[in-house]
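>>> Pasted the sequence and its predicted model underneath.
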Amino acid sequence: MTHIVAQAGSRIAQHRERQQLTLETMRHLGLPTYHQQLVASYFDYVWYRHNDFDGHRFLERLPETLRGRVSLKVHGEMVRRVPAFQHCPSQVLSLICMALEPQIYLPADTVSSPTPSPNHLKPA
């Protein structure tokens, strides 16, 4: 238990250091105050909501078969809501779930538009 508490304290300290470095960088770049606040709000949101996405990094470190099982458990319900994926076998859903990457949007951001660019549909 002591190790977990120490780890949490270390992560908080790292977050604060990143906040300070980000603030100094934005000031050095002459970023207007409004944009500095947007960036700070974004990083605060990521920290409080997702703890800097360690969950995604955690999945990346797992062996592929285990990563597939865990990804399917975490994301499978959401992926199955997509009509095109409703009847896919678990192995295919697992591959889809492993291909997902976290994206964070601020409340005023546009997540989808009526005419998306075809570039995002091309295979990497």
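Cool, the structure landed.
>>> Buried ones in stretch 70-77, by neighbour count?
Neighbour-count burial for stretch 70-77, counted by 16 or more other C-beta atoms under 10 Å, picks out V70, S71, L72, H75, G76. In short, each C-beta sits where N, CA and C put it, glycine included.
>>> how does the protein divide up, domain by domain?
1-61, 62-102 (automatic domain parsing).
>>> low-scoring stretches of the chain, by residue?
For the chain, residues meeting the criterion pLDDT under 70 lie at 1-8, 49-58, 113-124.
>>> how far away is S90 from L66?
Distance, S90 to L66, using C-beta to C-beta, to the nearest Å: 14 Å.
>>> okay, now V79: neighbour count?
By other C-beta atoms under 10 Å, 19 other residues sit near V79.
>>> and it, what does it touch?
With contacts defined as C-beta atoms under 8 Å, 6 or more residues apart in numbering, V79 is in contact with F85, L93, I96, C97, L100.
>>> Are any of those residues buried, and if so which?
By 16+ other C-beta under 10 Å, the contacts of V79 give L93, I96, C97 as buried.
>>> and those as JSON lines, adding distance to L62 and secondary structure?
JSON lines is the format used below for those (distance: C-beta to C-beta, whole Å; DSSP: H, G, I helix; E, B strand; the rest coil):
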{"residue": "L93", "distance to L62": "17", "secondary structure": "helix"}
{"residue": "I96", "distance to L62": "17", "secondary structure": "helix"}
{"residue": "C97", "distance to L62": "13", "secondary structure": "helix"}
